[in-house]
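**Student:** Give me a model of this one.
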Amino acid sequence: MFSKIRPGWAFSCGEVCYPSQAPLHIPHFVPMADPSLLAAKPAAPAPSSPPATSIQSSTAEPSADSPSSSSSSSDDDSAPARNRVKVYELNDEGSWADKGTGQVQCIYVQPKDAYCLVVRSEDDGSVILNSKIRKEDVYQRQQETLIVWTEVTQTDLALSFQEAECCTEIWDQIVDVRKRLQVSSGGDDLDDAPIAGPLSLPPLEMSRLSEIEGLITVGVRSAAGRAQIAQIVIQESYIDKLTGLLEMCEDLESVDDLHALSSIMRSIIFLNDPQIYDIIFKDEVFMNVVGILEYDRELKNMKANYRDHLTSHARLKEVVPIKNPDVIQKINQTYRVQFLKDVVLARHLDDSTFSTLNWLVIRNEIDLVAHFQQDHTYLNSLFSLLSSASTTSSQKSDAIKFLHELCGMAKALQPSARTQFYRSLSQHGLFAVFESTLGDPESRQTRIASAAILAAILDHDAALVRSYCLAQQKQGQKPLVDLVVDRFLLENDPGLMSQHAEILRVVLDTSGLDTAEGLVSHPSSQDTDTEAFLDLFYEKYMAKVAEPVTGLELPPDSSIITLSPNRSAACHFICDLLCFAIQHHTYRSKYYFLGSNFAGKVVLLLKSHEQYLRLSALRVLRKCVGMKDEFYNRYLLKNDVFGPVLSAFEETKGRNNLLNSACLELFEFIRKENIKSLIQHLVQTHRKAIEGVEYVETFKGILLRYDQNSEAKKLNGWDGHDHESGHKNDKVAAKGRDGYSRVDHDEEAYFNDGGDDDDDEGGAEAGTGGTCGTFLPQRKATGASSTSTGETRTIEFVRGKGLVDYPDDDEDEDDVGGGVGKGRGGWLGRGLANGPGRGGAAGRGISIRIKSPGLGGATVGTQEGDGEGDHRGRKREEQEDEESADASDKRQKTR
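**Tutor:** The predicted model follows:
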């Protein structure tokens with residue numbers, strides 16, 4: 001197969017070719033012909049008299065930019081004499097100043113993107129005049145040999161020709177260009193100029209290459225022009241003729257003609273015509289095409305060595321012979337398209353051409369993957385070669401790199417087709433190959449390619465790897481994940497270690513199945529395998545993976561930990577993996593932390609020399625705090641992790657670095673979220689260190705939070721622990737994996753009960769409590785409420801201010817009968833009227849206040865009413881209302 005052109009790799013085709021001493025890179029450039037070839041040849045003497053025209057003008061100088069094209073050096077000997085002119089400029093005194101003598105041309109200049117009048121000096125070849133032809137009527141022809149015009153800068157210029165025939169020819173070219181500009185839709189260039197009539201190209205000769213280049217450059221700017229040029233190129237075999245001129249121009253060292261050839265070839269390629277591409281990528285044509293493209297005006301006297309690279313280094317190497325010639329041809333074409341796109345035209349490609357070439361590559365790669373997937377004989381031979389004990393290291397390396405290229409091309413397939421492709425490879429023994437290639441001690445390239453293949457499979461279908469590991473476990477074999485863990489711990493290459501850490505993270509990533517953050521779809525058939533795999537990993541491999549961190553010890557005679565580069569890199573990747581586990585594997589990560597001293601060991605990294613290790617340790621602590629889970633808060637306090645964090649913070653001495661900012665962000669989060677247990681620990685244990693930091697307001701805010709929490713504790717009986725985060729997690733735990741809450745049957749029974757507790761004393765009627773059911777609390781009683789977790793909470797009933805006025809005792813007692821009593825200001829304040837008496841509202845004025853938050857569930861216990869049926873007087877009601885209002889005001893102030 002063919003890889004993208006990348007440093008250190010040659011192209012791979014069939015079974016790949018990776019020459020170790022021939023790295024592929026942008027080819028270097030070698031000196032070309034002598035620059036003196038660019039100078040024009042001297043000619044006959046200049047005309048004796050300047051133009052006789054007198055025009056007022058400013059003293060602005062004309063442009064001296066070098067043109068991008070020039071005439072061929074192989075013109076006949078009379079051409080320099082015919083094109084010989086003198087250049088004049090009208091000065092401030094009203095006289096014509098001679099600016100020099102040279103050869104004139106009307107050519108297309110690429111930097112100006114327009115046709116220009118260019119005059120080169122006959123003495124040294126320098127540019128005397130480079131004037132862009134404009135559509136305005138500023139040009140005049142006087143006598144037989146004079147052309148006069150005014151520049152945009154209001155400078156008057158004149159050309160005095162030696163030959164009238166040359167003056168006529170240049171004048172006709174100026175008129176033709178102006179006509180094209182005038183019929184354009186707007187602007188002063190040829191961008192939108194339509195093609196007037198059929199486009200024709202002159203015969204392909206060296207002497208007319210500059211003219212052909214200009215015509216093609218102008219023609220490709222419109223859709224009609226591109227279509228006509230493509231038709232001409234195909235019908236007249238233009239590419240074959242261009243490649244035929246290459247050798248002639250190189251023999252004559254005609255630099256200008258070679259540059260013109262290169263420009264013409266690029267314009268033809270940029271037509272994006274499929275038939276033209278079929279011609280270009282033929283075996284007998286492609287080498288001459290890249291030979292033409294070795295020359296570039298922008299590189300002046302340098303040329304690329306594309307042909308040398310293709311001849312010497314890029315070759316087809318087959319580990320297992322490919323018998324189908326069409327497949328070999330498609331492999332070669334794929335490589336050539338990539339080489340043209342990524343190397344030859346990398347600096348010139350436009351979006352349209354890049355998309356077309358990229359589409360050609362993708363189309364060929366899809367065809368190649370489909371062919372090899374269906375060729376079971378070829379795959380059997382390939383995997384037999386990989387599993388054979390007699391296979392040499394180089395053969396094994398080439399075969400695994402071929403598989404790497406094949407998996408890379410499979411990324412262009414649709415997801416369903418890609419799944420089928422990977423499963424087809426696994427049936428032929430792909431996973432068994434990793435046992436010998438992931439840890440190949442002889443070839444680093446083999447280890448890299450194997451890790452890349454495994455990463456590509458995991459990126460698409462991690463369930464396939466998990467299922468394979470579980471199948472190995474059931475059969476008593478060593479699971480593939482065990483091999484990955486070993487390679488992660490033993491690998492000496494930090495790059496490969498990083499890749500193995502990423503493989504572990506992807507295989508443990510169950511975010512597609514985890515619905516804790518929302519309702520997402522997940523295949524139910526994979527749930528069992530995923531849970532089983534996670535159980536296997538946490539049971540047997542999690543402690544092994546974390547061993548480089550859990551095995552840290554602080555030297556007794558030093559306050560700094562010094563680690564080897566490999567262990568430092570391993571600790572960094574382990575911290576990242578633990579952050580991932582904390583976020584995605586909630587209860588499993590808790591069990592792991594509960595059974596290990598990971599937090600106590602990870603803070604030792606804060607004493608490391610390497611700054612990135614300190615940040616990695618801090619990132620783990622920040623992730624634990626960020627979960628806002630009281631379990632992690634208690635775990636961090638148990639291991640006293642904030643002492644080392646404050647010490648590391650103090651070592652920064654207020655410098656504006658990343659460690660200082662990360663520490664401040666951690667403490668600011670604690671303050672902002674008001675995590676009470678952590679704030680209490682920080683102030684009570686490290687108050688002196690906190691009070692010493694005055695250049696930020698974060699620690700002052702923590703002290704203020706502590707004071708506020710202490711005051712609230714005195715008023716509300718807070719026990720110093722933050723129950724809120726625990727309650728939140730219990731509520732989340734009560735939810736199903738689909739994100740919906742489970743039904744609390746006790747709560748439902750409470751609200752659905754109509755009136756099971758008939759009060760004998762009060763004679764309450766069942767069902768008169770409405771939808772709220774029967775609720776008969778005593779006025780000054782406490783009762784136990786049942787919760788979903790079985791915890792008993794104390795409930796205090798507080799009389800609240802009435803919402804309605806009750807009738808006085810002296811009103812007619814027969815006016816009010818049984819029914820729902822009117823509770824005043826109370827939660828569920830509806831009482832049951834006891835008989836026909838108007839004063840028998842037992843639930844009147846009752847409210848409920850729960851002292852300590854529960855762990856979920858609803859209050860389902862009920863309190864029987866006191867059954868008072870007496871007619872209380874107005875005075876007592878007013879007294880009770882005043883007491884209730886005072887208590888409410890005190891609670892409001894406390895809040």
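**Student:** For the stretch 401-550 of the chain, just list every one of the helices.
**Tutor:** Remark: helices assigned in the stretch 401-550 of the chain by DSSP state H, counting those that start in this stretch are 415-427, 430-437, 444-460, 462-474, 480-490, 494-508, 527-540, 542-545, 547-550.
**Student:** low pLDDT regions in this protein?
**Tutor:** 1-82, 183-198, 512-527, 717-895 (pLDDT under 70).
**Student:** Mind naming the longest helix for it?
**Tutor:** Among the segments of the chain that qualify as a helix by DSSP state H, the longest is helix 351-374.
**Student:** Quick one: list the elements packing against the very next helix or strand once past that helix.
**Tutor:** Downstream of helix 351-374, the next assigned helix or strand under DSSP states H and E is helix 376-387. Using 3 or more C-beta pairs under 8 Å, 6 or more residues apart in numbering; DSSP states H and E, the elements in contact with helix 376-387 are helix 351-374, helix 393-409, helix 430-437. Glycine gets a C-beta too; all of them are placed from N, C-alpha and C.
**Student:** quick revisit: angle of the longest helix of the chain against helix 415-427?
**Tutor:** Orientation check (axes from the mean of the first three to the mean of the last three C-alpha atoms, to 10 degrees): helix 351-374 against helix 415-427 gives 40 degrees.
**Student:** Contacts for helix 351-374 next, please.
**Tutor:** Outside helix 351-374, the residues that touch it by C-beta atoms under 8 Å, 6 or more residues apart in numbering are 1, 269-270, 272, 277, 324, 327, 330-331, 333-334, 337-338, 340-341, 345, 349, 378-379, 406, 409-410, 412-413, 420-421, 424.
**Student:** and with 6 Å instead?
**Tutor:** Here helix 351-374 makes contact (C-beta atoms under 6 Å, 6 or more residues apart in numbering) with 270, 272, 327, 330, 334, 337-338, 341, 409-410, 412, 421, 424.
**Student:** Give me the buried subset of these.
**Tutor:** When the contacts of helix 351-374 are checked for burial by 16 or more other C-beta atoms under 10 Å, the buried set is Phe270, Asn272, Val327, Lys330, Thr334, Val337, Gln338, Lys341, Met409, Ala410, Phe421.
**Student:** Closest to Leu704 out of those residues?
**Tutor:** For the buried ones among the contacts of helix 351-374, the residue nearest Leu704 by C-beta to C-beta is Ala410; the value is 59.4 Å.
**Student:** Can you classify Arg221 by secondary structure?
**Tutor:** coil (DSSP: H, G, I helix; E, B strand; the rest coil).
**Student:** For it, grab the count of nearby residues.
**Tutor:** If you count neighbours by other C-beta atoms under 10 Å, Arg221 ends up with 17.
**Student:** Which of the helices and strands packed on helix 376-387 sits closest to Pro111?
**Tutor:** helix 351-374 (21.1 Å).
**Student:** Just the C-alpha atoms of the closest one, please, in PDB.
**Tutor:** Output of helix 351-374 as PDB, limited to C-alpha atoms (Å, rounded to 0.1, in the frame of the first residue of the first chain):
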ATOM      1  CA  ASP A 351      -8.600  23.800  -2.900                       C
ATOM      2  CA  SER A 352     -10.300  22.400  -6.000                       C
ATOM      3  CA  THR A 353      -7.300  20.500  -7.200                       C
ATOM      4  CA  PHE A 354      -6.500  19.200  -3.700                       C
ATOM      5  CA  SER A 355     -10.000  17.900  -3.300                       C
ATOM      6  CA  THR A 356      -9.900  16.200  -6.700                       C
ATOM      7  CA  LEU A 357      -6.500  14.500  -6.100                       C
ATOM      8  CA  ASN A 358      -7.600  13.500  -2.600                       C
ATOM      9  CA  TRP A 359     -10.800  12.000  -4.000                       C
ATOM     10  CA  LEU A 360      -8.700   9.900  -6.400                       C
ATOM     11  CA  VAL A 361      -6.600   8.600  -3.500                       C
ATOM     12  CA  ILE A 362      -9.700   7.700  -1.400                       C
ATOM     13  CA  ARG A 363     -11.400   6.000  -4.300                       C
ATOM     14  CA  ASN A 364      -8.300   3.800  -5.000                       C
ATOM     15  CA  GLU A 365      -7.900   3.000  -1.300                       C
ATOM     16  CA  ILE A 366     -11.500   1.800  -1.000                       C
ATOM     17  CA  ASP A 367     -11.000  -0.500  -4.000                       C
ATOM     18  CA  LEU A 368      -7.700  -1.800  -2.600                       C
ATOM     19  CA  VAL A 369      -9.200  -2.500   0.800                       C
ATOM     20  CA  ALA A 370     -12.100  -4.300  -0.700                       C
ATOM     21  CA  HIS A 371      -9.800  -6.500  -2.800                       C
ATOM     22  CA  PHE A 372      -7.600  -7.600   0.000                       C
ATOM     23  CA  GLN A 373     -10.500  -8.200   2.300                       C
ATOM     24  CA  GLN A 374     -12.000 -10.600  -0.200                       C
END
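**Student:** could you check the angle helix 376-387 makes with it?
**Tutor:** Using the same axes, to 10 degrees: helix 351-374 against helix 376-387 is 80 degrees.
**Student:** Now do the buried residues in helix 351-374.
**Tutor:** For helix 351-374, by 16+ other C-beta under 10 Å, it's Thr353, Thr356, Leu357, Leu360, Val361, Asn364, Glu365, Ile366, Leu368, Val369, Phe372, Gln373.
**Student:** Can you lay out those residues as TSV showing distance to Lys688?
**Tutor:** As requested, the buried residues of helix 351-374 are arranged in TSV below (distance: C-beta to C-beta, whole Å):
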residue	distance to Lys688
Thr353	69
Thr356	70
Leu357	68
Leu360	71
Val361	66
Asn364	71
Glu365	66
Ile366	69
Leu368	70
Val369	67
Phe372	70
Gln373	69
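**Student:** Which residues does stretch 243-252 contact?
**Tutor:** Contacts for stretch 243-252 (C-beta under 6 Å, 6+ apart): Asp257, Leu258, Asn288, Gly291, Ile292.
**Student:** now swap in stretch 455-467 and tell me
**Tutor:** Cys407, Arg418, Thr419, Tyr422, Ile503, Val506, Val507, Gln526, Asp529, Phe533.
**Student:** and the last one, what does it touch?
**Tutor:** What that stands for is Phe533. Phe533 makes contacts with Arg466, Leu470, as judged by C-beta under 6 Å, 6+ apart.
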